[in-house]
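Colleague: Predicted structure and sequence below. I'll ask about it afterward.
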Amino acid sequence: MIINIRTDLALEARELVGQEQIPGVIVDTEKSKQMTISRVRIVDEQGAKAMGKPIGNYVTLEVPRLKEKDPALTEEVSKNLADELEKMIDIPRDATVLVVGLGNWNVTPDSLGPKVIEKLIVTRHLIEYMPGQFNTKKGIRPVCALAPGVLGITGIETGDIIRGIVEKVKPHMIIAIDALASRSMERISTTIQIADTGVYPGSGVGNKRMGITRESMGVPVIAIGVPTVVDAATMANDTLDMLIGQFARQAKPGSDFYKLLEELDREEKYNLIREVMKPFVGELVVTPKEIDALIDNTAKTLSGGLNLALHPGIEYDEVSTFLQ
């Protein structure tokens, strides 16, 4: 079984910026009681080089209680997700959107994409064959969906499958949903990340496949992801950070030991730990024991947001019937 999980997007971009103003990068943060929405816009090559990411928009919804099964919270997050997606879906209402659920449905932490597809309101066939009852004037967009599986199941590159569908169906946009490999334990199932720069399946676990991007597909690509695993080195690094934090609080300010703790670079620690652990555990990834419930709940939240964004003529009460 092959897990196709990619790395964090917008949150890491925002953390790179921090409080420092970087030329070519625009940062906006919006906070409410339940969530923090971070928007990072890379506007030119200078910003792209500084951030190490392509020009485009990166949005993160940080929701600490996203793990909880709370219908009211699910509705609120879905509506906020829909608002962010609507800003990126810059195509006519009658234009077709292909939604792709990336991942391996046989591996729970990697099954988020296929689970979302199960709860999506697909309408392309209804608009084509029943135009009197379903049409774009009623706020229903032509949407088709696909869960292509992974190379280990199909023997075909995921990107090739999607490109073949694109050539036949000719959608005006692709929305790809994937699970992420996080660089922080606290982000597992608590953040939703969106980017309009496409996706490289498998890159989060060192198994980078063919990119699903505007360049490779010929149409705009929006990527949506939620962290579901961390690698062992991240767990060890986070644990070490906690220990260092305890030592720093007990160390005398200004002492040599205190200065040593302050100078430790997190990225250098991570790379060192990874090199030490690799011969023993390889590319080990870890996921919470309740991941099956987390995936089901997250899939409902993402599906709700997608259905609202793609079909503005449908209210959440109607959408929720598809999320059961």
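Modeller: Sure thing, it's come through.
Colleague: Go ahead and confirm I175 touches V97.
Modeller: Yes - contact status for I175 versus V97: in contact at 6.2 Å, counting by CB atoms under 8 Å. Backbone N, C-alpha and C define where each C-beta goes, glycine included.
Colleague: Between those two, point out the one with more neighbours.
Modeller: A direct count of neighbours by other CB atoms under 10 Å for I175 and V97 places I175 higher, at 27 against 24.
Colleague: and that one, helix, strand or coil?
Modeller: Classification of I175 using DSSP: H, G, I helix; E, B strand; the rest coil returns strand.
Colleague: Next: D178.
Modeller: strand.
Colleague: Can you tell me how far the residue nearest to it when sequence neighbours are not counted is from G159?
Modeller: Excluding its sequence neighbours, the residue lying closest to D178 (CB to CB, 6 or more residues apart in numbering) is L102, at 4.1 Å. To G159, L102 is 10 Å away according to CB to CB, to the nearest Å.
Colleague: So for the two, which sits in the more crowded spot?
Modeller: Between L102 and G159, counting by other CB under 10 Å, L102 is the more crowded of the two (32 against 20).
Colleague: could you pull out the strands for the stretch 101-250 of the chain?
Modeller: With strands called from DSSP state E, counting those that start in this stretch, the stretch 101-250 of the chain shows them at 143-146, 173-182, 191-195, 221-231.
Colleague: who wins for proximity to R65 among those?
Modeller: Among those, the nearest to R65 by CB to CB is strand 191-195 (12.0 Å).
Colleague: Report the contact partners of E215.
Modeller: G198 (CB atoms under 8 Å, 6 or more residues apart in numbering).
Colleague: Can you tell me which residue is spatially central in the protein?
Modeller: G225 (1.5 Å; CA atoms, centre = their mean).
Colleague: outside of the helix or strand containing V77, which residues touch it?
Modeller: V77 is part of helix 71-88, with elements assigned from DSSP states H and E. Defining contact as CB under 8 Å, 6+ apart, one finds that helix 71-88 is touched by 34-35, 37, 57, 59, 61, 63, 65-66, 175, 192, 194, 196, 222, 224, 297, 300-302, 304-306, 308-309, 312, 316, 319-320.
Colleague: Could you export the strands of the stretch 101-250 of the chain as CSV, including distance to P279 and mean pLDDT?
Modeller: As requested, the strands of the stretch 101-250 of the chain are exported to CSV (distance: least, CB to CB, whole Å; pLDDT from 0 to 100):
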stretch, distance to P279, mean pLDDT
strand 143-146, 39, 96
strand 173-182, 20, 93
strand 191-195, 32, 94
strand 221-231, 15, 92
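Colleague: got the ones you listed as a markdown table, with distance to R214 columns?
Modeller: A markdown table is the format used below for the strands of the stretch 101-250 of the chain (distance: least, CB to CB, whole Å):
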| stretch | distance to R214 |
| --- | --- |
| strand 143-146 | 18 |
| strand 173-182 | 9 |
| strand 191-195 | 12 |
| strand 221-231 | 6 |
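Colleague: just to revisit the earlier point, next one: the closest residue in space to the residue nearest to the centre of the chain that isn't next to it in sequence from T301, what distance?
Modeller: Distances taken as CB to CB, 6+ apart place L180 nearest to G225, at 4.3 Å, with adjacent residues excluded. Distance, L180 to T301, using CB to CB: 15 Å.
Colleague: out of the two, which sits in the more crowded spot?
Modeller: Taking other CB under 10 Å, L180 and T301 do not tie; L180 has more neighbours (28 against 23).
Colleague: Pairing partners for that one in the sheet, please.
Modeller: In this structure, L180 bridges to R6, P227 when assessed by DSSP bridges.
Colleague: wait, doesn't it sit right on T228?
Modeller: Yes - between L180 and T228 there is a contact under CB under 8 Å: 6.7 Å.
Colleague: Ends of stretch 84-98, what's the gap?
Modeller: For stretch 84-98, the separation between the terminal residues is 18 Å (CA to CA, to the nearest Å).
Colleague: same deal with stretch 102-111?
Modeller: End-to-end distance of stretch 102-111 (CA to CA): 8 Å.
Colleague: Let me see the mean pLDDT of it.
Modeller: Across stretch 102-111, the average pLDDT comes to 92.
Colleague: Can you report how many residues neighbour the closest residue to P54 other than its chain neighbours?
Modeller: Of all residues not flanking P54 in the chain, T197 sits nearest, at 4.5 Å (CB to CB, 6+ apart). Neighbour count for T197, taken as other CB under 10 Å: 20.
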